[in-house]
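In: no sequence on this one, just coordinates:
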Ligand code: MRU
């Protein structure tokens, strides 16, 4: 995808050949700043402070974090420590552990003298594979949009999304946004309702930013507007990403996703979840019981960052002083509320059987 017309990914190796560069997403959409990660600790901080966020990008950053650790010390102890430190940064997105397990398996089998090059190569492969995975998710999801467009007689297909499951959350394309971009590139008229997604505003800040950069028509709405729009027939389908999906098809995603799924079910609006294989946690059965839900600082609820017109970016208090706040980062949408999954291997039912029809090789684990 592009920023100011320039093709970009969300993470890359810097001109020095070893530091890792990211777009500092805490500054978007007000400022575009690139930050350099020069140590495993920098990578861990970038994940926990949400300079990078979104399940696939968290995994890719962790993979490069391991590479940075190998640069300082390629011993077994250093590899173990990197996996432990990076693995403790955020609890809900399973791609983090998927990427760390992958790096550990790849490097653990090699001698320390080979680990540095191997680590950078494998991290780069994880990124390249994610790009292709997201492209394929888009190609399959495009079929849904094409079918809806045929019934709309030239009117735009209205799509509602929550949080940011766009290219900024991945390496390129995005998961939930990939079908939207591919439809737009094909000339199918689309319009996206963008949930603002409090408390961190990933919708208003990031999804709106990237859709705008790509020229996709969109409208930001407050988080509570989706149900009303669905009642009025103004949403043709919903598509969201996920941070962890169980083998039985329960979906953890940004807080508020469950309420959108409930409203969609009540109004007969299809509700799809786009996901790569790395987001499926084959070891878990019951999402509500088993998926760890991140709880973040209440300050994210009681304050908001924004830009003074023409001026600096500031944080302002928006709540009654002294009132406590609870800040749950994610919720779980039960499989029964999900119309289907859009994966790199195609579409399937949100169920164990559905997932296994696309990933039969996981039958023994699920
Ligand atoms: O807390 P974040 O910004 O890391 O959460 C990201 C999400 O929940 C996204 O909606 C997403 O779908 C998962 S990443 C494709």
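Out: Structure received. Since the model is a prediction, treat every value here as computed from it, not as a measurement. Numbering: from 1, shown residues only.

In: which residues sit in contact with residue 355?
Out: 247, 249, 280, 341, 348, 362, 366 (C-beta atoms under 8 Å, 6 or more residues apart in numbering). For glycine as for every other residue, the C-beta is placed from the backbone atoms N, C-alpha and C.

In: Spit out the contact partners of residue 330.
Out: 92, 243, 252, 253, 254, 255, 257, 291, 293, 294.

In: what does residue 143 give?
Out: Counting by C-beta under 8 Å, 6+ apart, residue 143 has contacts residue 347.

In: And it, how far from the ligand?
Out: Using C-beta to the nearest ligand atom, to the nearest Å, residue 143 is found at 20 Å from the ligand.

In: The residue in the stretch 151-300 of the chain that the ligand sits nearest to and residue 178, how far apart?
Out: Nearest to the ligand in the stretch 151-300 of the chain, going by C-beta to the nearest ligand atom, is residue 241, at a distance of 2.2 Å. According to C-beta to C-beta, to the nearest Å, residue 241 stands 10 Å off from residue 178.

In: Kindly report the same for residue 58.
Out: 18 Å.

In: Which one's more surrounded, these two?
Out: Here residue 58 and residue 178 are compared on neighbour count by other C-beta atoms under 10 Å; more neighbours surround residue 178, at 31 against 26.

In: For this protein, which residues are neighbours of the ligand?
Out: Residues of the chain lying near the ligand by C-beta under 6 Å from any ligand atom: 53-56, 163-165, 169, 175, 202, 240-243, 253-254, 329.

In: In strands, which of those residues fall?
Out: Using DSSP state E, the subset of these located in strands is 240, 253, 254.

In: who's the first one bridged to?
Out: Same thing as residue 240. residue 273 (DSSP bridges).

In: Go ahead and confirm it touches residue 275.
Out: No: counting by C-beta atoms under 8 Å, residue 240 does not reach residue 275; the two are 9.6 Å apart.

In: between these two, which one's more packed in?
Out: Set residue 240 next to residue 275 and count neighbours by other C-beta under 10 Å: residue 275 wins out with 29 against 26.

In: Please list the outside residues in contact with stretch 66-85.
Out: Under C-beta under 8 Å, 6+ apart, the answer for stretch 66-85 is 18, 20, 37-44, 65, 86, 100, 103-104, 107-108, 112-113, 115-116, 119-120, 122-123.

In: Over to stretch 303-314?
Out: By C-beta under 8 Å, 6+ apart, stretch 303-314 touches 27, 30, 31, 199, 201, 315, 316, 317, 318, 319.

In: Can you flag the buried ones in the residues you listed?
Out: When the contacts of stretch 303-314 are checked for burial by 16 or more other C-beta atoms under 10 Å, the buried set is 27, 30, 199, 201.

In: just those residues now: which is nearest residue 193?
Out: Ranked by distance to residue 193 (C-beta to C-beta), these are led by residue 201 at 15.3 Å.

In: residue contacts, that closest one?
Out: residue 304.

In: re earlier: next, format the ones in strands among the residues of the chain next to the ligand as JSON lines and append distance to residue 156.
Out: Below are those laid out as JSON lines (distance: C-beta to C-beta, whole Å):
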{"residue": "240", "distance to residue 156": "19"}
{"residue": "253", "distance to residue 156": "25"}
{"residue": "254", "distance to residue 156": "25"}
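
In: Redo those as a markdown table? Include pLDDT.
Out: A markdown table is the format used below for those (pLDDT from 0 to 100):
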| residue | pLDDT |
| --- | --- |
| 240 | 99 |
| 253 | 98 |
| 254 | 98 |
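
In: closest to residue 301 among those residues?
Out: residue 254 (14.1 Å).

In: Which residue, other than its chain neighbours, is closest to that closest one?
Out: Computed as C-beta to C-beta, 6 or more residues apart in numbering, the closest residue to residue 254 that is not its neighbour in sequence is residue 163, at 3.6 Å.

In: Go ahead and confirm that neighbour touches residue 195.
Out: Yes: counting by C-beta under 8 Å, residue 163 touches residue 195, with 7.1 Å between them.

In: Mutual contacts of those two, please.
Out: Common neighbours of residue 163 and residue 195 (C-beta under 8 Å, 6+ apart) are 203, 256.

In: what residues are up against the residue of the stretch 151-300 of the chain closest to the ligand?
Out: With C-beta under 8 Å, 6+ apart, residue 241 has these contacts: 54, 55, 163, 165, 169, 174, 175, 176, 253, 273, 274, 275.

In: ok, so what distance separates it from residue 215?
Out: 21 Å.

In: swap in residue 68?
Out: From residue 68 to residue 215 the distance is 36 Å (C-beta to C-beta).

In: try residue 136
Out: From residue 136 to residue 215 the distance is 23 Å (C-beta to C-beta).

In: neighbour-wise, which of those two wins?
Out: residue 136 (18 against 10).

In: and the nearest residue to the more buried one once chain neighbours are set aside, what is it in contact with?
Out: In space, and not counting its chain neighbours, residue 136 is closest to residue 344: 4.0 Å by C-beta to C-beta, 6+ apart. Taking C-beta under 8 Å, 6+ apart, we find residue 344 in contact with 132, 133, 134, 136, 137, 140, 276, 277.

In: contacting residues for the first one?
Out: Right, residue 132. Applying C-beta under 8 Å, 6+ apart, the residues near residue 132 are residue 344.

In: Check which element follows the helix or strand hosting it along the chain.
Out: Residue 132 belongs to helix 112-150 when elements are defined using DSSP states H and E. Per DSSP H and E, the first helix or strand lying C-terminal to helix 112-150 is strand 157-161.
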